[in-house]
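1. Build me a model:
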Amino acid sequence: MTVKPIDFRAAPATTTKRRALGRGLDALLPSPTANGWQAGPPPGRFDEEAPDPSSSRVDNGRERGGERISASEAPQPWASRLMPAPVEWYTTPPPKRTWLLRDKRHPKRRGVLPLGKVGQFIAAGGIGKTTTGAQLAVAVATGTPWLGCFEVASAGRVLFVVGEEDVEECQRKLYQAAQVAGVIPEAGRTVVLPLTGIHAPMIALDEYRRTIDAPFLSWLREQVLEGDYRLVIIDRTTHRRLGSSRRARASLPRRRRRSSRITRIRFRAGTGKSTRRPVAG
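-> Numbering: from 1, shown residues only. Here you go, the predicted structure:
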C-alpha cells in the first residue's frame, strides 16, 4: 500500500487542511467491511452473561470476620415506627406542650425550649456560648428570669457538661453568671462535668457502620435519669460525637432517647457568618 504524502503548507485554508488529514487517515486505516466489523462486535468481547446474584462479585453486604453479611440481615429499627395515622389525630387536639422558658414580654405566645426535646445554640467560636449556657443554668436552677426576659416555667436541677473547660473555668463562668443574675443557687442544684483533656466520644460505629451510643453516652444517660435533672447542657458537641476522626465527625448525629421531663441543649460552633444572637433549634 502506497501512501501519498500530504503537504499541509500548500492548503489554502483550515478546512482544506482538515479534509486532507482525514483522507490521509482513511488511507492508513483498514476498511471496516474487510474485517467484517459491520457484522457485529468481535466474538468473546461483549457476550458475557450477567453476574449471578449469589456470586462473590456482587456486593450484597460487607465482611464480618470472614463471614458475609447480607444487607437484609442488618437490623431495621425504623420498621416498628411505620404506622397509619388514626382518625383521632385529625379530630382530637394533641397534648399541650410543656416549656422550659417563656417570654414574659409575650405571655400568650408559645414558649421557648420545650421539655423533652433537643435544642441548639449555634454561633461562631468565642462568641459567648459557654457564658450563655452558664447563665441559663443559673436561671433554671434558681427559677429566675434568663437574660432578663425569659421566665423559667419549669425550674429544677441542671447538668452542665463542658467539653473545653477545666474546673476553674467552670467556676469562673458560674460565678459571673450568678453575679449578673444577683442570685445564689442552692448546693447541688447545678452539677458540672468538665471534660477538657478527656477523650469522651458520644457516638460510635457498629459492625454495620451505623451510629450507636458510645460508652460515655450510655454512662451519661444513666446519670441524667438518676439525677432528676430538668435541664442538660452539653457544651459543645462538635468533637464529642465520634472522636477525633474527620470522617466520623461528619456523620449525622443519631436520635437520642431521654426522659420527657428534661430539656437538652447542645452548643455548636457555626461555620458560616458569625452572629451575635444565640439561636435555639
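
2. now the helices: where do they sit in this structure?
-> 14-28, 88-91, 129-142, 167-181, 215-227, 246-249 (DSSP state H).

3. give the contact list for A139.
-> A139 makes contact with 145-146, 150, 152, 181, according to Cβ atoms under 8 Å, 6 or more residues apart in numbering. Bear in mind the C-beta positions are built from the backbone N, C-alpha and C, glycine included.

4. change it to 10 Å
-> By Cβ atoms under 10 Å, 6 or more residues apart in numbering, the residues touching A139 are 100-101, 145-148, 150-152, 155, 158, 177, 181, 183, 185, 231.

5. Then L136?
-> 100-101, 113, 121, 146-147, 150, 152, 158, 160, 177, 231, 233, 263, 265, 278.

6. let's see 6 Å
-> Applying Cβ atoms under 6 Å, 6 or more residues apart in numbering, one finds that L136 lies in contact with W146.

7. Now do it, the pLDDT please.
-> According to the prediction, L136 has pLDDT 96.

8. just for the chain, where's the confidence low?
-> Scanning the chain with the threshold set as pLDDT under 70 gives 1-74, 237-281.

9. need the strands for it, in chain order.
-> With DSSP state E as the criterion, the chain has strands at 61-64, 67-70, 99-103, 112-114, 118-123, 150-152, 157-162, 190-194, 203-205, 211-213, 229-235, 263-269.

10. mind saving the C-alpha coords of the fifth one as PDB?
-> What it means is strand 118-123. C-alpha atoms of strand 118-123 as PDB (Å, rounded to 0.1, in the frame of the first residue of the first chain):
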ATOM      1  CA  VAL A 118     -33.100  18.900  72.000                       C
ATOM      2  CA  GLY A 119     -32.300  22.500  71.200                       C
ATOM      3  CA  GLN A 120     -29.100  24.000  69.800                       C
ATOM      4  CA  PHE A 121     -27.300  27.300  70.200                       C
ATOM      5  CA  ILE A 122     -25.200  27.800  67.200                       C
ATOM      6  CA  ALA A 123     -22.700  30.700  67.000                       C
END
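
11. ok and that strand relative to helix 129-142, angle-wise?
-> Orientation check (axes from the mean of the first three to the mean of the last three Cα atoms, to 10 degrees): strand 118-123 against helix 129-142 gives 140 degrees.

12. list the helices and strands strand 118-123 packs on?
-> Applying 3 or more Cβ pairs under 6 Å, 6 or more residues apart in numbering; DSSP states H and E, we find strand 118-123 packed against strand 263-269.

13. Any chance of TSV for the strands of the chain, columns distance to T91?
-> Shown next, in TSV, are the strands of the chain (distance: least, Cβ to Cβ, whole Å):
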stretch	distance to T91
strand 61-64	45
strand 67-70	44
strand 99-103	25
strand 112-114	24
strand 118-123	30
strand 150-152	34
strand 157-162	39
strand 190-194	44
strand 203-205	40
strand 211-213	38
strand 229-235	33
strand 263-269	30
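
14. picking up where we left off before, deepest of the helices of the chain, which one?
-> helix 129-142 (a mean of 24; mean count of other Cβ atoms under 10 Å).
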